[in-house]
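A.B. asks: A predicted structure for the sequence below; I have some questions about it.
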Amino acid sequence: MTEYYTVKRIDNSRLLRPAPPARLNPLWQRVAAGAAVAGCLFFYAWQHFECIQLRYQVEQLQAQEAQANELNEQLHLQVATLRSPSRVDAIARGELGLTVPVPGQIAPVSYTPSDGVLAQASVNADAPQQ
């Protein structure tokens, strides 16, 4: 009698052998350490870029402050120019035609606080009565 042996090819490439838990502990420790280092680096980078952004904002605010100070000085000069007595005198004489008062033109008015007058309603005789 003849016996035939057939060879059966078994594909075990898709099978995974479960790793023992003792072998996975160092892996998770390394992953956790790497994540901690990456987190620290990201935190440092975020702080660094935030600091740079704040420097830009400070420079921008300083430039705005300098412009505001310059405008303030210009406005103070303009107010001083507009309030100058010689300018007011020139406008009064030239545009308004005012002159220096002659003696006797000014009559002092005596005012006493007790001379108060209340407003009174006067009845007009020509107006129709209600």
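C.D. replies: Nice, thanks for sending it over. As the structure is a computational prediction, the values presented were derived from the model and not from experiment. Numbers count the residues shown, from 1 in each chain.
A.B. asks: How far off centre is the longest helix seen in the chain?
C.D. replies: When the chain is parsed with DSSP state H, its longest helix is helix 21-82. The gap between where helix 21-82 is centred and where its chain is centred comes out at 16 Å by Cα atoms, centre = their mean, to the nearest Å.
A.B. asks: what sits up against the helix or strand just after it?
C.D. replies: Counting by DSSP states H and E, the next helix or strand C-terminal to helix 21-82 is helix 85-94. Residues outside helix 85-94 that contact it (Cβ atoms under 8 Å, 6 or more residues apart in numbering): 81, 98, 99. (Each C-beta comes from the backbone N, C-alpha and C, glycine too.)
A.B. asks: Would you mind giving these as a markdown table with distance to residue 108, pLDDT and neighbour count added?
C.D. replies: What follows is those, written out as a markdown table (distance: Cβ to Cβ, whole Å; pLDDT from 0 to 100; neighbours: other Cβ atoms under 10 Å):
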| residue | distance to residue 108 | pLDDT | neighbour count |
| --- | --- | --- | --- |
| 81 | 34 | 89 | 9 |
| 98 | 20 | 86 | 11 |
| 99 | 20 | 85 | 9 |
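A.B. asks: Now render these as TSV, adding distance to residue 7.
C.D. replies: Formatted as TSV, the contacts of helix 85-94 follow (distance: Cβ to Cβ, whole Å):
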residue	distance to residue 7
81	112
98	129
99	134
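A.B. asks: can you tell me which of these lies nearest to residue 58?
C.D. replies: residue 81 (34.8 Å; Cβ to Cβ).
A.B. asks: Tell me who's in contact with that closest one.
C.D. replies: residue 87.
A.B. asks: roughly how far apart are it and residue 74?
C.D. replies: Note on residue 81: its distance to residue 74, by Cβ to Cβ, to the nearest Å, is 11 Å.
A.B. asks: For residue 91, give me the pLDDT.
C.D. replies: With respect to pLDDT, residue 91 scores 87.
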